[in-house]
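[1] The following block contains a protein sequence and its predicted model.
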Amino acid sequence: MRRVRATDRLGVAVVGLLLVAGGLLVLDLCLEVTGSYPDRVDPAPVARAVDAGWWPWASGTGGVVLVVLGLWWLLARIPRRGTTTIRLSGSGPEGRLVVDLGSVADAAAAQLMSLAPVASARGDVVRRRGTDVLELRVELAPGADLPSVTEAAAVVEADVHGAFPDDDVTVRVLVGAATPNRRRTRRRDTVLVREPEVSRAGAASPTGG
Amino acid sequence: MPTTTVPRARPAVVALALLVALLLLAAGGVLLRDLAVSQGWLDGRAWVPAVVDAVGDVRRSTGLAVAAAAVAVLGLLLLVAAAGRGRPTHAAVEAHTETWISPRAVAAVALEAADRAPGVLHAAVTGAGRRRVVLEVTGSSSASTRSVVDAAQEAASRAVASVPRVTVVVREAGGAR
(Lines give C-alpha, C1' and ligand atoms only; values in the text may rest on other atoms or scores of the structure.)
Protein backbone atom coordinates (compact mmCIF):
# COMPACT_ATOMS: atom_id res chain seq x y z
CA MET A 1 0.00 0.00 0.00
CA ARG A 2 2.96 2.25 0.69
CA ARG A 3 4.12 1.90 -2.94
CA VAL A 4 0.60 2.71 -4.17
CA ARG A 5 0.56 5.83 -1.96
CA ALA A 6 3.91 6.94 -3.44
CA THR A 7 2.54 6.32 -6.94
CA ASP A 8 -0.54 8.36 -6.04
CA ARG A 9 1.60 11.30 -5.00
CA LEU A 10 3.83 11.01 -8.07
CA GLY A 11 0.91 10.73 -10.49
CA VAL A 12 -1.01 13.65 -9.00
CA ALA A 13 2.17 15.75 -8.87
CA VAL A 14 2.90 15.05 -12.56
CA VAL A 15 -0.65 16.03 -13.54
CA GLY A 16 -0.35 19.15 -11.36
CA LEU A 17 2.94 20.12 -13.01
CA LEU A 18 1.48 19.58 -16.49
CA LEU A 19 -1.52 21.78 -15.63
CA VAL A 20 0.70 24.52 -14.19
CA ALA A 21 3.03 24.41 -17.20
CA GLY A 22 0.16 24.39 -19.70
CA GLY A 23 -1.72 27.14 -17.89
CA LEU A 24 1.36 29.38 -17.67
CA LEU A 25 2.20 28.74 -21.33
CA VAL A 26 -1.27 29.78 -22.53
CA LEU A 27 -1.23 32.70 -20.09
CA ASP A 28 2.07 33.83 -21.59
CA LEU A 29 0.63 33.50 -25.10
CA CYS A 30 -2.25 35.74 -24.06
CA LEU A 31 -0.33 38.33 -22.04
CA GLU A 32 2.96 38.20 -23.99
CA VAL A 33 5.07 38.46 -20.86
CA THR A 34 8.17 36.69 -22.19
CA GLY A 35 7.82 37.63 -25.89
CA SER A 36 5.42 38.48 -28.68
CA TYR A 37 3.32 35.81 -30.32
CA PRO A 38 0.98 35.72 -33.29
CA ASP A 39 -2.68 36.34 -32.52
CA ARG A 40 -3.58 32.84 -33.54
CA VAL A 41 -1.83 29.54 -32.75
CA ASP A 42 -0.69 27.73 -35.89
CA PRO A 43 -1.54 24.04 -35.49
CA ALA A 44 0.01 23.06 -38.85
CA PRO A 45 3.08 21.19 -37.50
CA VAL A 46 0.95 19.14 -35.10
CA ALA A 47 -1.71 18.61 -37.78
CA ARG A 48 0.93 17.23 -40.15
CA ALA A 49 2.07 14.74 -37.50
CA VAL A 50 -1.52 13.72 -36.75
CA ASP A 51 -2.20 13.20 -40.45
CA ALA A 52 0.90 11.01 -40.95
CA GLY A 53 0.41 7.31 -41.58
CA TRP A 54 2.32 6.25 -38.48
CA TRP A 55 0.18 8.41 -36.12
CA PRO A 56 -2.78 6.05 -35.55
CA TRP A 57 -0.49 3.17 -34.58
CA ALA A 58 1.72 5.35 -32.41
CA SER A 59 -1.27 6.89 -30.63
CA GLY A 60 -2.91 3.46 -30.39
CA THR A 61 0.22 2.10 -28.69
CA GLY A 62 0.13 5.08 -26.35
CA GLY A 63 -3.52 4.30 -25.70
CA VAL A 64 -2.70 0.72 -24.73
CA VAL A 65 0.03 1.95 -22.38
CA LEU A 66 -2.37 4.46 -20.76
CA VAL A 67 -5.11 1.84 -20.33
CA VAL A 68 -2.71 -0.69 -18.81
CA LEU A 69 -1.25 1.98 -16.50
CA GLY A 70 -4.71 3.19 -15.46
CA LEU A 71 -5.96 -0.36 -14.82
CA TRP A 72 -2.85 -1.24 -12.79
CA TRP A 73 -3.26 1.91 -10.75
CA LEU A 74 -6.92 1.17 -10.08
CA LEU A 75 -6.38 -2.50 -9.25
CA ALA A 76 -3.39 -1.82 -7.02
CA ARG A 77 -5.55 0.16 -4.61
CA ILE A 78 -7.92 -2.73 -3.94
CA PRO A 79 -6.97 -3.74 -0.39
CA ARG A 80 -5.68 -7.26 -0.07
CA ARG A 81 -6.65 -9.01 3.11
CA GLY A 82 -3.85 -11.50 3.30
CA THR A 83 -2.73 -13.37 6.38
CA THR A 84 -0.02 -11.53 8.25
CA THR A 85 2.30 -14.01 9.87
CA ILE A 86 5.67 -13.72 11.51
CA ARG A 87 8.16 -16.44 12.28
CA LEU A 88 9.10 -16.85 15.91
CA SER A 89 12.64 -17.10 17.14
CA GLY A 90 12.18 -20.74 18.18
CA SER A 91 12.11 -21.83 14.50
CA GLY A 92 14.91 -24.09 13.37
CA PRO A 93 15.83 -26.95 11.03
CA GLU A 94 13.45 -29.23 12.86
CA GLY A 95 10.46 -27.01 12.28
CA ARG A 96 9.07 -23.54 11.94
CA LEU A 97 7.03 -21.61 14.47
CA VAL A 98 4.74 -19.15 12.75
CA VAL A 99 2.12 -16.96 14.39
CA ASP A 100 -0.87 -15.42 12.65
CA LEU A 101 -0.94 -11.81 13.78
CA GLY A 102 -4.57 -11.36 12.73
CA SER A 103 -5.56 -13.93 15.35
CA VAL A 104 -3.35 -12.20 17.91
CA ALA A 105 -5.04 -8.87 17.10
CA ASP A 106 -8.48 -10.46 17.51
CA ALA A 107 -7.43 -11.99 20.83
CA ALA A 108 -5.99 -8.67 22.04
CA ALA A 109 -9.22 -6.90 21.10
CA ALA A 110 -11.25 -9.53 22.96
CA GLN A 111 -9.00 -9.16 26.02
CA LEU A 112 -9.39 -5.38 25.93
CA MET A 113 -13.13 -5.74 25.69
CA SER A 114 -13.20 -8.06 28.68
CA LEU A 115 -11.06 -5.70 30.79
CA ALA A 116 -12.43 -2.29 29.85
CA PRO A 117 -15.89 -0.71 29.68
CA VAL A 118 -16.00 -0.49 25.90
CA ALA A 119 -18.97 -1.01 23.62
CA SER A 120 -16.91 -2.67 20.91
CA ALA A 121 -13.32 -3.60 20.12
CA ARG A 122 -11.82 -4.57 16.79
CA GLY A 123 -8.27 -5.69 16.08
CA ASP A 124 -6.32 -5.27 12.88
CA VAL A 125 -2.71 -5.61 11.79
CA VAL A 126 -0.98 -2.70 10.09
CA ARG A 127 2.66 -2.32 9.16
CA ARG A 128 4.40 0.88 10.15
CA ARG A 129 8.06 1.69 9.81
CA GLY A 130 9.05 -1.94 9.49
CA THR A 131 7.08 -3.02 12.56
CA ASP A 132 3.83 -4.95 12.73
CA VAL A 133 1.35 -2.97 14.80
CA LEU A 134 -1.75 -4.52 16.34
CA GLU A 135 -4.22 -1.67 15.93
CA LEU A 136 -7.12 -2.02 18.35
CA ARG A 137 -10.10 0.24 17.72
CA VAL A 138 -12.45 0.51 20.68
CA GLU A 139 -15.57 2.52 21.28
CA LEU A 140 -16.23 3.85 24.76
CA ALA A 141 -19.33 2.48 26.35
CA PRO A 142 -21.83 5.13 27.45
CA GLY A 143 -20.80 6.39 30.87
CA ALA A 144 -17.43 4.66 30.77
CA ASP A 145 -14.52 6.26 32.55
CA LEU A 146 -11.45 6.65 30.41
CA PRO A 147 -8.83 5.69 33.04
CA SER A 148 -10.17 2.14 33.19
CA VAL A 149 -9.83 1.91 29.41
CA THR A 150 -6.29 3.20 29.41
CA GLU A 151 -5.36 0.87 32.25
CA ALA A 152 -6.77 -2.08 30.32
CA ALA A 153 -4.87 -0.91 27.24
CA ALA A 154 -1.68 -0.89 29.28
CA VAL A 155 -2.35 -4.47 30.40
CA VAL A 156 -2.91 -5.63 26.81
CA GLU A 157 0.18 -3.74 25.70
CA ALA A 158 2.25 -5.41 28.42
CA ASP A 159 0.90 -8.86 27.48
CA VAL A 160 1.77 -8.38 23.82
CA HIS A 161 5.19 -7.08 24.76
CA GLY A 162 5.65 -10.19 26.89
CA ALA A 163 4.69 -12.40 23.96
CA PHE A 164 6.92 -10.52 21.52
CA PRO A 165 9.81 -9.25 23.63
CA ASP A 166 11.88 -8.24 20.59
CA ASP A 167 9.40 -5.40 19.94
CA ASP A 168 8.74 -6.65 16.43
CA VAL A 169 5.01 -6.46 17.25
CA THR A 170 3.56 -3.47 19.08
CA VAL A 171 0.07 -2.37 20.11
CA ARG A 172 -1.78 0.81 19.36
CA VAL A 173 -5.19 1.50 20.86
CA LEU A 174 -7.49 4.00 19.17
CA VAL A 175 -10.34 5.09 21.42
CA GLY A 176 -13.49 6.39 19.75
CA ALA A 177 -16.99 7.20 20.92
CA ALA A 178 -19.94 4.95 20.29
CA THR A 179 -22.24 7.82 19.45
CA PRO A 180 -21.17 11.39 18.76
CA ASN A 181 -24.07 13.03 20.44
CA ARG A 182 -25.27 10.79 23.16
CA ARG A 183 -28.17 12.40 24.81
CA ARG A 184 -28.78 11.60 28.35
CA THR A 185 -31.81 9.49 28.79
CA ARG A 186 -34.19 11.31 30.98
CA ARG A 187 -33.83 9.53 34.22
CA ARG A 188 -37.38 9.37 35.27
CA ASP A 189 -38.64 7.48 38.22
CA THR A 190 -42.24 6.69 37.57
CA VAL A 191 -44.28 6.33 40.65
CA LEU A 192 -47.88 5.42 40.31
CA VAL A 193 -49.86 6.96 43.07
CA ARG A 194 -53.40 5.93 43.44
CA GLU A 195 -56.02 8.03 44.91
CA PRO A 196 -56.10 7.12 48.52
CA GLU A 197 -58.81 4.66 48.89
CA VAL A 198 -60.43 5.44 52.06
CA SER A 199 -61.38 2.10 53.29
CA ARG A 200 -63.63 1.53 56.00
CA ALA A 201 -60.56 1.07 58.12
CA GLY A 202 -59.31 4.45 56.83
CA ALA A 203 -56.01 3.09 55.31
CA ALA A 204 -54.39 4.61 52.16
CA SER A 205 -52.49 2.32 49.74
CA PRO A 206 -49.94 4.10 47.53
CA THR A 207 -48.15 1.74 45.15
CA GLY A 208 -44.62 2.31 43.86
CA GLY A 209 -43.60 1.11 40.38
CA MET B 1 5.09 10.88 24.25
CA PRO B 2 4.01 8.32 21.68
CA THR B 3 6.73 6.87 19.54
CA THR B 4 4.52 5.94 16.62
CA THR B 5 3.06 8.33 14.13
CA VAL B 6 -0.17 10.18 14.83
CA PRO B 7 -3.21 8.37 13.39
CA ARG B 8 -4.27 10.29 10.34
CA ALA B 9 -7.16 10.25 7.90
CA ARG B 10 -6.54 9.22 4.32
CA PRO B 11 -4.88 12.13 2.48
CA ALA B 12 -6.73 13.91 -0.33
CA VAL B 13 -4.15 12.68 -2.83
CA VAL B 14 -5.67 9.18 -2.68
CA ALA B 15 -9.02 10.34 -4.06
CA LEU B 16 -7.32 12.62 -6.59
CA ALA B 17 -5.14 9.72 -7.77
CA LEU B 18 -8.27 7.66 -8.35
CA LEU B 19 -9.58 10.47 -10.55
CA VAL B 20 -6.27 10.67 -12.42
CA ALA B 21 -6.28 6.90 -12.96
CA LEU B 22 -9.79 7.12 -14.44
CA LEU B 23 -8.67 10.02 -16.67
CA LEU B 24 -5.73 7.90 -17.87
CA LEU B 25 -8.15 5.12 -18.77
CA ALA B 26 -10.37 7.59 -20.59
CA ALA B 27 -7.44 9.11 -22.51
CA GLY B 28 -6.20 5.64 -23.47
CA GLY B 29 -9.71 4.77 -24.63
CA VAL B 30 -9.81 7.87 -26.86
CA LEU B 31 -6.48 6.99 -28.48
CA LEU B 32 -7.56 3.38 -29.07
CA ARG B 33 -10.84 4.60 -30.53
CA ASP B 34 -8.93 6.85 -32.94
CA LEU B 35 -6.85 3.86 -34.01
CA ALA B 36 -10.01 1.83 -34.61
CA VAL B 37 -11.57 4.70 -36.61
CA SER B 38 -8.43 5.18 -38.72
CA GLN B 39 -8.37 1.50 -39.61
CA GLY B 40 -12.05 1.44 -40.50
CA TRP B 41 -12.98 -0.85 -37.58
CA LEU B 42 -15.31 1.83 -36.27
CA ASP B 43 -17.37 4.45 -38.04
CA GLY B 44 -16.95 8.11 -37.21
CA ARG B 45 -14.25 10.76 -37.15
CA ALA B 46 -11.02 10.60 -35.14
CA TRP B 47 -11.16 12.87 -32.11
CA VAL B 48 -7.50 13.91 -31.73
CA PRO B 49 -7.22 15.47 -35.24
CA ALA B 50 -10.52 17.26 -34.57
CA VAL B 51 -9.09 18.75 -31.36
CA VAL B 52 -5.92 19.85 -33.18
CA ASP B 53 -8.09 21.57 -35.82
CA ALA B 54 -10.12 23.27 -33.10
CA VAL B 55 -6.96 24.63 -31.44
CA GLY B 56 -6.21 26.48 -34.67
CA ASP B 57 -9.42 28.46 -34.23
CA VAL B 58 -8.55 29.65 -30.73
CA ARG B 59 -7.55 33.32 -30.53
CA ARG B 60 -6.07 35.36 -27.73
CA SER B 61 -8.72 36.72 -25.43
CA THR B 62 -9.32 37.69 -21.84
CA GLY B 63 -11.48 34.63 -21.38
CA LEU B 64 -8.65 32.37 -22.55
CA ALA B 65 -6.23 34.08 -20.14
CA VAL B 66 -8.64 33.62 -17.24
CA ALA B 67 -9.14 29.95 -18.14
CA ALA B 68 -5.36 29.44 -18.36
CA ALA B 69 -4.86 31.08 -14.97
CA ALA B 70 -7.56 28.84 -13.49
CA VAL B 71 -5.86 25.75 -14.94
CA ALA B 72 -2.51 26.86 -13.48
CA VAL B 73 -4.10 27.42 -10.06
CA LEU B 74 -5.74 23.98 -10.26
CA GLY B 75 -2.34 22.50 -11.04
CA LEU B 76 -0.85 24.28 -8.01
CA LEU B 77 -3.61 22.87 -5.81
CA LEU B 78 -2.86 19.38 -7.13
CA LEU B 79 0.84 19.88 -6.33
CA VAL B 80 -0.04 20.95 -2.78
CA ALA B 81 -2.40 17.97 -2.40
CA ALA B 82 0.29 15.61 -3.71
CA ALA B 83 2.58 16.64 -0.86
CA GLY B 84 -0.16 16.93 1.79
CA ARG B 85 -0.87 14.54 4.64
CA GLY B 86 -4.21 13.50 6.05
CA ARG B 87 -5.53 15.37 9.05
CA PRO B 88 -4.90 13.79 12.47
CA THR B 89 -7.89 11.77 13.63
CA HIS B 90 -6.80 11.10 17.21
CA ALA B 91 -4.77 12.78 19.95
CA ALA B 92 -2.40 11.10 22.37
CA VAL B 93 -3.79 10.13 25.74
CA GLU B 94 -1.53 11.45 28.42
CA ALA B 95 0.80 8.98 30.15
CA HIS B 96 -0.15 6.17 27.81
CA THR B 97 2.30 5.99 25.00
CA GLU B 98 0.29 4.00 22.48
CA THR B 99 -3.26 4.95 23.33
CA TRP B 100 -4.96 7.58 21.20
CA ILE B 101 -8.38 9.14 21.58
CA SER B 102 -10.68 10.71 19.01
CA PRO B 103 -12.18 14.19 19.55
CA ARG B 104 -15.61 12.60 19.76
CA ALA B 105 -14.45 10.34 22.57
CA VAL B 106 -12.94 13.32 24.41
CA ALA B 107 -16.27 15.08 23.99
CA ALA B 108 -18.07 12.01 25.36
CA VAL B 109 -15.81 12.03 28.43
CA ALA B 110 -16.41 15.76 28.99
CA LEU B 111 -20.12 15.21 28.46
CA GLU B 112 -20.19 12.52 31.10
CA ALA B 113 -18.52 14.84 33.61
CA ALA B 114 -20.85 17.74 32.78
CA ASP B 115 -23.83 15.45 32.99
CA ARG B 116 -22.94 14.57 36.58
CA ALA B 117 -22.44 18.16 37.73
CA PRO B 118 -24.94 19.40 40.33
CA GLY B 119 -28.17 20.77 38.91
CA VAL B 120 -27.62 19.45 35.37
CA LEU B 121 -30.76 17.94 33.88
CA HIS B 122 -29.65 17.25 30.34
CA ALA B 123 -26.37 17.47 28.46
CA ALA B 124 -25.43 16.93 24.84
CA VAL B 125 -22.40 17.33 22.58
CA THR B 126 -22.96 19.95 19.89
CA GLY B 127 -19.39 20.13 18.59
CA ALA B 128 -16.30 17.93 18.85
CA GLY B 129 -12.99 18.93 17.31
CA ARG B 130 -9.33 18.57 18.14
CA ARG B 131 -9.19 22.11 19.52
CA ARG B 132 -12.68 22.69 20.80
CA VAL B 133 -15.49 20.73 22.37
CA VAL B 134 -18.91 22.32 22.69
CA LEU B 135 -21.49 21.01 25.13
CA GLU B 136 -25.04 22.16 25.56
CA VAL B 137 -26.32 21.76 29.07
CA THR B 138 -29.78 22.29 30.44
CA GLY B 139 -29.81 22.84 34.14
CA SER B 140 -32.05 23.78 36.97
CA SER B 141 -31.71 27.16 38.61
CA SER B 142 -29.31 25.62 41.10
CA ALA B 143 -26.84 24.58 38.37
CA SER B 144 -23.59 26.52 38.47
CA THR B 145 -22.14 27.29 35.07
CA ARG B 146 -18.64 27.46 36.54
CA SER B 147 -18.89 24.02 38.13
CA VAL B 148 -20.17 22.47 34.90
CA VAL B 149 -17.38 24.03 32.85
CA ASP B 150 -14.76 23.05 35.41
CA ALA B 151 -15.99 19.47 35.57
CA ALA B 152 -16.03 19.10 31.78
CA GLN B 153 -12.67 20.81 31.31
CA GLU B 154 -11.03 18.73 34.00
CA ALA B 155 -12.36 15.51 32.51
CA ALA B 156 -11.09 16.52 29.07
CA SER B 157 -7.68 17.41 30.46
CA ARG B 158 -7.43 14.00 32.09
CA ALA B 159 -8.36 12.32 28.83
CA VAL B 160 -5.93 13.83 26.41
CA ALA B 161 -2.50 15.43 26.42
CA SER B 162 -3.38 18.31 24.08
CA VAL B 163 -6.47 19.52 25.89
CA PRO B 164 -9.21 21.05 23.75
CA ARG B 165 -11.05 24.11 24.96
CA VAL B 166 -14.41 23.09 26.37
CA THR B 167 -17.24 25.49 25.72
CA VAL B 168 -20.44 24.93 27.62
CA VAL B 169 -23.72 26.51 26.60
CA VAL B 170 -25.95 26.43 29.64
CA ARG B 171 -29.68 26.80 29.34
CA GLU B 172 -31.95 27.02 32.29
CA ALA B 173 -34.77 24.55 32.25
CA GLY B 174 -38.02 26.36 31.71
CA GLY B 175 -41.35 25.10 32.95
CA ALA B 176 -41.93 21.46 33.54
CA ARG B 177 -39.21 19.14 32.27
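    Now that the structure is in, tell me what you want to look at.
[2] Break down chain B into its strands, ranges please.
    B:91-92, B:99-101, B:120-128, B:132-139, B:165-172 (DSSP state E).
[3] the strands in chain A, which residues?
    With DSSP E as the criterion, chain A has strands at A:85-87, A:98-100, A:118-128, A:131-140, A:169-177.
[4] I'd like a version of these in CSV, one that adds distance to chain B as further columns.
    Any C-beta I mention is one placed from the backbone N, CA and C, and that applies to glycine too. Formatted as CSV, the strands of chain A follow (distance: least, Cβ to the nearest Cβ, whole Å):
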stretch, distance to chain B
strand A:85-87, 18
strand A:98-100, 20
strand A:118-128, 6
strand A:131-140, 5
strand A:169-177, 4
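[5] In chain A, which helix is the longest?
    Under DSSP state H, the helix in chain A containing the largest number of residues is helix A:2-31.
[6] Give the buried residues for that one.
    Using 16 or more other Cβ atoms under 10 Å in any protein chain shown as the test for burial, helix A:2-31 gives A:4, A:7-9, A:11-13, A:15-16, A:19-20, A:23-24, A:26-27, A:29-30.
[7] Name the spans of chain B whose pLDDT lies under the cut-off.
    Within chain B, the segments meeting pLDDT under 70 span B:1-4, B:94-97, B:142-143, B:174-177.
[8] tell me the domain ranges of it?
    B:13-83, B:92-172 (automatic domain parsing).
[9] how close does B:Asp115 sit to B:Leu135?
    9 Å (Cβ to Cβ, to the nearest Å).
[10] any residues in contact with both of the two?
    B:Ala123 (Cβ atoms under 8 Å, 6 or more residues apart in numbering or on different chains).
[11] more crowded one of the two?
    Each of B:Asp115 and B:Leu135 has its neighbours counted (other Cβ atoms under 10 Å in any protein chain shown); B:Leu135 has more, 26 against 21.
[12] Now that one: closest residue in space that isn't a chain neighbour?
    Closest residue to B:Leu135 apart from its sequence neighbours, by Cβ to Cβ, 6 or more residues apart in numbering or on different chains: B:Val168 at 4.9 Å.
[13] thought B:Ala161 was touching B:Trp100?
    No: using Cβ atoms under 8 Å as the test, B:Ala161 is too far from B:Trp100 to be in contact (10.0 Å).
[14] Name the residues contacting each of those two.
    Shared contacts of B:Ala161 and B:Trp100 (Cβ under 8 Å, 6+ apart): B:Ala91, B:Ala92, B:Val93.
[15] The closest residue in space to the first one that isn't next to it in sequence: neighbour count?
    Computed as Cβ to Cβ, 6+ apart, the closest residue to B:Ala91 that is not its neighbour in sequence is B:Val160, at 4.8 Å. By other Cβ under 10 Å, the residues close to B:Val160 number 23.
[16] And B:Trp41, its phi and psi?
    Backbone torsions for B:Trp41, taken as degrees, to the nearest 10, come to phi -80, psi -20.
[17] That one: neighbour count?
    Residue neighbour count, defined by other Cβ under 10 Å, stands at 9 for B:Trp41.
[18] For the spatially most central residue of chain A, give its distance to B:Ala26.
    When Cα atoms, centre = their mean is applied to chain A, the residue found nearest the centroid is A:Val126 (10.1 Å). Relative to B:Ala26, A:Val126 is positioned 33 Å away (Cβ to Cβ).
[19] cool, and A:Leu25?
    According to Cβ to Cβ, A:Leu25 and B:Ala26 sit 23 Å apart.
[20] thinking again about what came up before, mind checking which of the domains of chain B is nearest A:Arg122?
    Closest approach to A:Arg122 among those (Cβ to Cβ): domain B:92-172, 14.1 Å.
[21] And the closest one, how far out from the chain middle?
    Computed by Cα atoms, centre = their mean, to the nearest Å, the separation of domain B:92-172 from the middle of its chain amounts to 23 Å.
[22] gap between the two ends of that domain?
    End-to-end span of domain B:92-172 (Cα to Cα, to the nearest Å): 35 Å.
[23] quick revisit: report all helices and strands that the longest helix of chain A contacts.
    Packing contacts for helix A:2-31, counted by 3 or more Cβ pairs under 8 Å, 6 or more residues apart in numbering or on different chains; DSSP states H and E, involve helix A:55-76, helix B:12-38, helix B:62-83.
[24] Mean neighbour count, those: which tops it?
    Mean neighbours per residue, mean count of other Cβ atoms under 10 Å in any protein chain shown, is largest over the helices and strands packed on helix A:2-31 for helix B:12-38, with a mean of 18.
[25] the bottom helix or strand of chain A by mean pLDDT?
    strand A:85-87 (a mean of 83; mean pLDDT, DSSP states H and E).
[26] got the contact list for that strand?
    A:Arg96, A:Leu97, A:Val98, A:Val99, A:Asp100, A:Leu101, A:Asp132, A:Asp168, A:Val169.
[27] Let me know the pLDDT of the second one.
    By that I understand A:Leu97. According to the prediction, A:Leu97 has pLDDT 85.
[28] residues near the residue nearest to it when sequence neighbours are not counted, how many?
    What sits nearest to A:Leu97 in space, not counting adjacent residues and going by Cβ to Cβ, 6+ apart, is A:Leu88, at 4.0 Å. Per other Cβ under 10 Å, the neighbour tally for A:Leu88 reads 14.
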